[in-house]
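Undergrad: after the sequence you'll find the predicted model.
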Amino acid sequence: MGLTIAQKIIQAHLLSGEMTVGSEIALRIDQTLTQDATGTMAYLEFESMGIDRVRTERSVAYIDHNTLQSGFENADDHRFIQSIAKKHGIYFSRPGNGICHQVHLERFGVPGKTLIGSDSHTPTGGGIGMLAFGAGGLDVAVAMGGGAYYITMPKMIKVNLTGKLRPFVTAKDVSLEILRILSVKGGVGSIIEWGGEGIQTLSVPERATITNMGTELGATTSIFPSDEITRDFLRAEGREADYVPLTSDPDAVYDRVIDIDLSTLQPMIACPHSPDNVVTVESLKGTKVDQVCIGSCTNSSLLDMLKVAALLKGKTIKPDVSLSISPGSKQVLSMLADCGALSDILASGARVLECACGPCIGMGFSPNSAGVSLRTFNRNFEGRSGTADAKVYLVSPETAVAAALTGEITDPILLGEMPAIEMPKQFKIDDSAVIAPASLEEAKNLEILRGPNIKKFPDCRGQEDSIRAELVLKVGDNITTDHIMPAGAKILPYRSNIPYLSQYCFGVCDKTFPERAKAAGQSIVVGGVNYGQGSSREHAALVPLYLGVRVVITKSFARIHVANLINAGIMPLTFANPEDYEKVSQGDMLSIDGVWAGMDNGRMTLRNETTGEQIPLVCSFTDRQKAILKAGSLLAYTREQI
Ligand code: MIC
Ligand code: SF4
């Protein structure tokens, strides 16, 4: 039987396990990346493992999230990451050099290699045929130390593209269309491979927009073949030597095939507050817009920016609309400057922000009260922009420009003729903002520079054979890690200070949660389907751990978050019958006996002491996961192993 692209890469990196859907496999990881908001914690974890030098082929530490330095905290964390990177063999991408996924694609990604990153959009690398996964910081730390990365062998979904996109319809609209079809949980447990003759019309940045937003589907990752288009991109980056061709076998078997004719698509828009709340732009035409933001790891490539500049050229944005543009990397920004496109952008009235995540993670540029913000980003979760009552919509750069010029949601086709964009054959290569690690000899005497913002890692406690705890919080379906542990300019600087962060835990759902959880001592949280979707932030597990959460019971979990819960020693369990979710209420006293035996046989019984009901629960832990839960955390388990 033939293999899919992902199966081929998995086979070449398989350290243990069987390639049968649903079983745990261990993969050798070639490359890692971190960003600063998750990186500080990841490097503290790496450090505590006592390993001198990373054992990967390439590890890169990016600074791109926490770049608003309104106090010492972020600058201290950047300095910490820079010093630890230098000492332990990690390349350091300075603030201003760009968003991790964009820069990694440009300068480091290699087709056929495995990559894990402490950021959920790491699958962007699938745009050049990498098998790239988002993961919690601790998993990345273990991989940097040469340890395996464990995943559940996914199903394979193929999306077959035919035809060609019409002018003003873009890769972003393809992403939104697949979200409309599959929803934010439609990709859970699957790798999405993009193929068909239609992919020949998509350049690497367009492919990367699509693999980037595969994260919003809950997919394990997404991947394109590595072909002549990939080779052209790598050649333009001066890295043709990194090219390897990669396709699926003609007789590869997929669990599901979805056909999309690109020529039938139209501009799409995701409405508040979920990336799968997708309708056509046409259906919302005339809606007044206050703010437009162009950028993020989804849509900040040179191609995106050149299109934006060409559409803005000679025009001025509406006086009551505020437009921000953040190019994805220093390479993109300096090429825009060299060709004059930057002047066209500036002349239109846009505000050019630095090459970083910026407004995407609420790091500045929050909308006005109840403002309507159109963003070329990948997430529009409630409150994420920094303005609690803002209405955030997700669109393509073309639709974003149309809104900035007209002041309302407008089908970009009305902008007239799409200017032809000539992509340069050679990109401007300047790696001066990437600092190489020290030699082994030099590294010995290097000091790691720590600021006072770095606080102690929360104490872990192994799971016990019986648990009795109050249900302190019951939440609904599709709870994101932005609900559990919000980000934004005010809180993000404290990512290495769990006690401080804890005041904001579940703030979007219930501001009283932290106090109540602390008062309860130990507690249980209950959720609906796809609990923990979104970001890879392990803080969404570490902070509940700090507040005493021992068990989370849901109808289903998102992939990265469930791994983070286990890594933090919090036991994730699911209702055997989803309707039993109704049989527990916030404030009930719950208990589970026979946890050890239950972990082994996959069944436990939840006793609702308040109502007297007995509720069946299920779990399926591997031996490794059971050992982690008993040890209290992956860190404790890894130390035991070392
Ligand atoms: C995000 O887009 O939500 C983030 C911020 O990049 C996160 C990482 C984080 O929370 O630091 C992600 O996607 O993993
Ligand atoms: Fe940064 Fe936004 Fe991309 Fe996350 S989704 S890495 S915050 S640009």
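TA: Received the coordinates, thanks. Ligands and ions are numbered 1, 2, ... in the order given.
Undergrad: count the residues that sit near residue 446.
TA: Per other Cβ atoms under 10 Å, the neighbour tally for residue 446 reads 14. The way it works is simple: take the backbone N, C-alpha and C, and place the C-beta from them, glycine included.
Undergrad: and for it, nearest residue in space, chain neighbours not counted?
TA: In space, and not counting its chain neighbours, residue 446 is closest to residue 87: 4.5 Å by Cβ to Cβ, 6 or more residues apart in numbering.
Undergrad: in three-state terms, label the one you found for me.
TA: With DSSP: H, G, I helix; E, B strand; the rest coil as the basis, residue 87 sits in helix.
Undergrad: how far away is it from residue 53?
TA: 9 Å (Cβ to Cβ, to the nearest Å).
Undergrad: ok, residues contacting stretch 6-15?
TA: Applying Cβ atoms under 8 Å, 6 or more residues apart in numbering, the contact partners of stretch 6-15 are 3, 19, 25-30, 112-114, 131, 148, 153-154, 156, 191, 193, 221, 223, 246, 248, 252.
Undergrad: please flag which of the residues you listed sit within strands.
TA: Mapping the contacts of stretch 6-15 onto strands (DSSP state E) picks out 25, 26, 27, 114, 131, 156, 191, 193, 221, 223.
Undergrad: between those residues, which is closest to ligand 2?
TA: Within the ones in strands among the contacts of stretch 6-15, distances to ligand 2 taken as Cβ to the nearest ligand atom reach their minimum at residue 221, with 15.2 Å.
Undergrad: export the ones in strands among the contacts of stretch 6-15 to TSV and append columns for pLDDT.
TA: Shown next, in TSV, are the ones in strands among the contacts of stretch 6-15 (pLDDT from 0 to 100):
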residue	pLDDT
25	98
26	98
27	98
114	99
131	99
156	98
191	98
193	98
221	98
223	99
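Undergrad: report the two of the residues you listed separated the most.
TA: 26 and 193 (21.8 Å; Cβ to Cβ).
Undergrad: higher neighbour count, the two?
TA: residue 193 (25 against 16).
Undergrad: bridged to that one, which residues?
TA: Taking DSSP bridges, one obtains residue 158, residue 223 as the residues bridged to residue 193.
Undergrad: up against ligand 1, what does this structure have?
TA: 37-38, 65, 119-121, 134, 361, 379, 487, 534-537 (Cβ under 6 Å from any ligand atom).
Undergrad: quick one: residues in contact with stretch 605-612.
TA: Looking at stretch 605-612 with Cβ under 8 Å, 6+ apart, the contacting residues turn out to be 468, 553, 573, 583-585, 587-594, 598, 613-617.
Undergrad: and the closest residue to residue 236 other than its chain neighbours, how close does it get to residue 211?
TA: Among residues not flanking residue 236 along the chain, residue 427 sits closest, at 4.9 Å (Cβ to Cβ, 6+ apart). Counting by Cβ to Cβ, the separation of residue 427 from residue 211 is 20 Å.
Undergrad: got it, and residue 613?
TA: According to Cβ to Cβ, residue 613 and residue 211 sit 44 Å apart.
Undergrad: centroid residue for the chain?
TA: Geometric centre of the chain, nearest residue: residue 120, 1.9 Å, by Cα atoms, centre = their mean.
Undergrad: for it, phi and psi?
TA: Main-chain dihedrals, residue 120, degrees, to the nearest 10: phi -70, psi -20.
Undergrad: surely it meets residue 136?
TA: No: using Cβ atoms under 8 Å, residue 120 makes no contact with residue 136, being 9.9 Å away.
Undergrad: pull up the overlap in contacts between the two.
TA: Shared contacts of residue 120 and residue 136, counting by Cβ under 8 Å, 6+ apart, come down to 536, 560.
Undergrad: circling back: between residue 87 and residue 53, which is the more surrounded one?
TA: Neighbour count, other Cβ under 10 Å: between residue 87 and residue 53, residue 87 has more, with 20 against 16.
Undergrad: residue contacts, the more buried one?
TA: 437, 438, 443, 446, 448.
Undergrad: one step back: filter the residues of the chain next to ligand 1 down to just the ones in helices.
TA: 37, 38 (DSSP state H).
Undergrad: emit the PyMOL select command for whichever of the residues of the chain next to ligand 1 are buried.
TA: For the buried members of these, the matching PyMOL selection, counting by 16 or more other Cβ atoms under 10 Å, is:
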select buried, resi 37+38+65+119+120+121+134+361+379+487+534+535+536+537
